[in-house]
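Trainee: Show me how the following folds:
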Amino acid sequence: MRLTRFTDLALRVLMRLAVVGDGAQEVPPTTREVAEIMRVPYTHTAKVVAKLQHLGLVEARRGRGGGLALTPAGRRASVGGLVRELEGAGDVVECEGSTPCPLNSACLLRGALRRAQEAFFASLDPLTIGDLVTSPTGPLLIGLGRAPVS
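Mentor: Next up is the predicted model:
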């Protein structure tokens, strides 16, 4: 299974926000700053942040002193649940598309792939966003975007 770029970026944004205040910086980063740190287009990051806000995982404040902050729910969010939400309930393979599979009525593959997909999600269920930023990942995230010391 392969995650969409949207889901990948959402997880990375949440991870980055999870280390704010842990020595990363005192001022919450803006969407633009997170995009620069993650080296992705601002427009993609803005869409991801909007979705994460809608899910109650990120809070965005405008104006001076504003920025992005991970909510307590965001820190506790199950990675498996989040990936399920962002990836949707679709099947791994498209059996019904514009050219339906001729094996559709008697295929055992579709069910096997659905079980494998659920096992993938289930393996991520116990992990939280907070778990993903323990050492060595957290310190690396804290250092992203900082100017090199000369």
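Trainee: how about V40, secondary structure?
Mentor: Of the three states, V40 takes coil under DSSP: H, G, I helix; E, B strand; the rest coil.
Trainee: Relative to K51, how far out is the residue nearest to it when sequence neighbours are not counted?
Mentor: Nearest residue to V40 in three dimensions, chain neighbours excluded: L9, at 5.9 Å (C-beta to C-beta, 6 or more residues apart in numbering). In short, each C-beta sits where N, CA and C put it, glycine included. Per C-beta to C-beta, to the nearest Å, L9 is found 10 Å from K51.
Trainee: next one: P102
Mentor: Distance from P102 to K51, by C-beta to C-beta: 37 Å.
Trainee: longest helix in the chain, by residue count?
Mentor: helix 109-124 (DSSP state H).
Trainee: Show me what that one is packed against.
Mentor: On a contact count with 3 or more C-beta pairs under 8 Å, 6 or more residues apart in numbering; DSSP states H and E, helix 109-124 meets helix 79-87.
Trainee: Hey, what's the angle from the helix it packs on to helix 109-124? Just curious.
Mentor: 130 degrees (axes from the mean of the first three to the mean of the last three C-alpha atoms, to 10 degrees).
Trainee: Who are the packing partners of helix 79-87?
Mentor: Using 3+ C-beta pairs under 8 Å, 6+ apart, the elements in contact with helix 79-87 are helix 5-18, helix 109-124, helix 129-132.
Trainee: Show me which helix or strand of this protein is least confident by mean pLDDT.
Mentor: Lowest mean confidence among the helices and strands of the chain (mean pLDDT, DSSP states H and E): helix 137-143, at a mean of 79.
Trainee: Report pLDDT for the closest residue to R84 other than its chain neighbours.
Mentor: Using C-beta to C-beta, 6+ apart and skipping residues adjacent in sequence, the residue nearest R84 is F121, 5.4 Å away. pLDDT, F121: 92.
Trainee: Could you count how many residues lie near F121?
Mentor: 17 (other C-beta atoms under 10 Å).
Trainee: Contacts only, for it.
Mentor: Residues in contact with F121, defined by C-beta atoms under 8 Å, 6 or more residues apart in numbering, are 80, 83-84.
Trainee: same deal with V93?
Mentor: Going by C-beta under 8 Å, 6+ apart, the list of residues near V93 reads 109-110, 113.
Trainee: pretty sure A116 is in contact with R110, am I right?
Mentor: No. In this structure A116 lies outside contact range of R110 using C-beta atoms under 8 Å: 10.8 Å.
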